[in-house]
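Asks: predicted structure and sequence below. I'll ask about it afterward.
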Amino acid sequence: MTQIGIIGSGAIGAAIARLAVAAGMDVMIANSRGPESLAELIDELGSSAQAGHAEEAAVFGDLLVLAVPLGAYSGLPTAALSGRTILSTGNYYPYREGRIDVLDTLELATAEYEQSLLPESRIVKVFNNIVAHHIPLLADSTPRTALPIAGDDDDAKRLVTEVVEAVGFDVVDAGALAQSWRFEPESGAYTGIYFAGGFDDYLADPGAPLTADQLTRLLAESQRPDVAARAF
Ligand SMILES: NC(=O)c1ccc[n+]([C@@H]2O[C@H](COP(=O)([O-])OP(=O)(O)OC[C@H]3O[C@@H](n4cnc5c(N)ncnc54)[C@H](OP(=O)(O)O)[C@@H]3O)[C@@H](O)[C@H]2O)c1
């Protein structure tokens with residue numbers, strides 16, 4: 001049985017935890033406030049979920065889902081994450097993390113920056129280009145909805161692909177971490193591609209399935225965003 005650790009119990013971490021439990025996986029979830037703060041979520045998730053400290057979730061099971069802002073990386077249990085496969089959902093939003101020079105200059109894509117902060121781990125980028133409330137709405141959709149994935153380690157990418165497919169999505173390989181800008185904010189394969197309508201009534205949008213063929217085309221046509229101009 002697949003077991004996954006999750007650090008980050010916010011919108012994305014909780015959404016992935018719900019899908020993982022529904023797919024029959026065991027989950028340990030952690031946040032910054034400690035296991036006691038997760039009682040309500042664990043109650044909702046049921047007996048295959050448990051709360052832990054970040055150090056425990058980091059080493060739990062087959063892989064770690066990291067669903068935290070970039071600014072949280074300095075507080076992560078780096079030693080425990082050594083050698084681990086990490087499914088990273090993170091994006092760079094300067095309003096939240098402040099300006100990061102290597103991202104603004106396009107020297108690195110966000111996922112490469114994360115990999116540089118955790119050099120002993122194997123970062124795989126996925127679930128960063130879909131808004132949290134679309135995750136349950138589009139899991140197991142008909143037709144199946146595809147998510148892009150990027151990573152430098154083939155074994156890590158294979159493992160993450162298996163998990164993403166098991167929780168209800170197809171996967172399109174966008175290449176190495178250096179290619180992950182293709183589905184960063186403001187690129188041609190970011191969150192808007194899963195909206196049924198516009199952004200006006202954002203949370204009421206039911207989501208629209210996007211097939212692997214459609215996503216493959218969008219990734220190929222995607223243009224690198226001008227990150228330095230990002231205001232949000
Ligand atoms: N929300 C979306 O629709 C969406 C979509 C795609 C990608 N993303 C990206 O995914 C990442 C997470 O987003 P989110 O919306 O889920 O964020 P969120 O709702 O703000 O949740 C962030 C989580 O990270 C935890 N955290 C922060 N610092 C930590 C630390 N040092 N150790 C352990 N846990 C820590 C927080 O703990 P506490 O709960 O204790 O504060 C919280 O549970 C971000 O990079 C975001 O841009 C978000």
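Replies: Sure thing, it's come through.
Asks: closest point of the protein to the ligand, which residue?
Replies: residue 10 (1.9 Å; CB to the nearest ligand atom). Placement of C-beta: from N, CA and C, glycine included.
Asks: ok, the closest residue in space to that residue that isn't next to it in sequence - contacts?
Replies: What sits nearest to residue 10 in space, not counting adjacent residues and going by CB to CB, 6 or more residues apart in numbering, is residue 67, at 6.6 Å. Contacts for residue 67 were tallied using CB atoms under 8 Å, 6 or more residues apart in numbering; they are 6-10, 12-13, 16, 89-90, 127.
Asks: now, which of the residues you listed sits nearest residue 73?
Replies: residue 90 (8.5 Å; CB to CB).
Asks: where does the protein dip in pLDDT?
Replies: The model of the chain has no residue with pLDDT under 70.
Asks: quick check: residues of it near the ligand?
Replies: Within the chain, the residues that sit near the ligand (CB under 6 Å from any ligand atom) are 7-13, 30-33, 54, 67-69, 72, 75, 89-91, 93, 128, 131-132.
Asks: what's the PyMOL line that selects buried ones from those residues?
Replies: Applied in PyMOL, the following selects the buried portion of the residues of the chain next to the ligand according to 16 or more other CB atoms under 10 Å:
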select buried, resi 7+8+9+12+13+30+31+54+67+68+72+89+90+91+128+131+132
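Asks: which parts of the chain are strands?
Replies: 3-7, 26-30, 49-51, 63-66, 85-88, 122-125, 146-151, 170-173 (DSSP state E).
Asks: please name whichever of the ones you listed is nearest to residue 197.
Replies: Proximity to residue 197, assessed across those by CB to CB, is greatest for strand 146-151 (20.2 Å).
Asks: what strands flank the closest one, and is each parallel or antiparallel?
Replies: strand 122-125 (antiparallel), strand 170-173 (parallel) (DSSP bridges).
Asks: helices of this protein, start to end?
Replies: Here the chain has its helices, by DSSP state H, at 11-22, 39-45, 54-58, 94-97, 101-104, 110-117, 134-138, 154-166, 212-221.
Asks: got the contact list for the longest one?
Replies: Here helix 154-166 makes contact (CB under 8 Å, 6+ apart) with 2, 4, 20, 23, 25, 62-63, 85, 87, 122-124, 126-127, 147, 149, 151, 171, 173.
Asks: quick one, which of those are buried?
Replies: 2, 4, 20, 25, 62-63, 85, 87, 122-124, 126-127, 147, 149, 151, 171, 173.
Asks: how far off centre is stretch 56-73?
Replies: Put simply, stretch 56-73 sits 10 Å off its chain's centre (CA atoms, centre = their mean, to the nearest Å).
Asks: ends of that stretch, how far apart?
Replies: Stretch 56-73 has an end-to-end distance of 16 Å (criterion: CA to CA, to the nearest Å).
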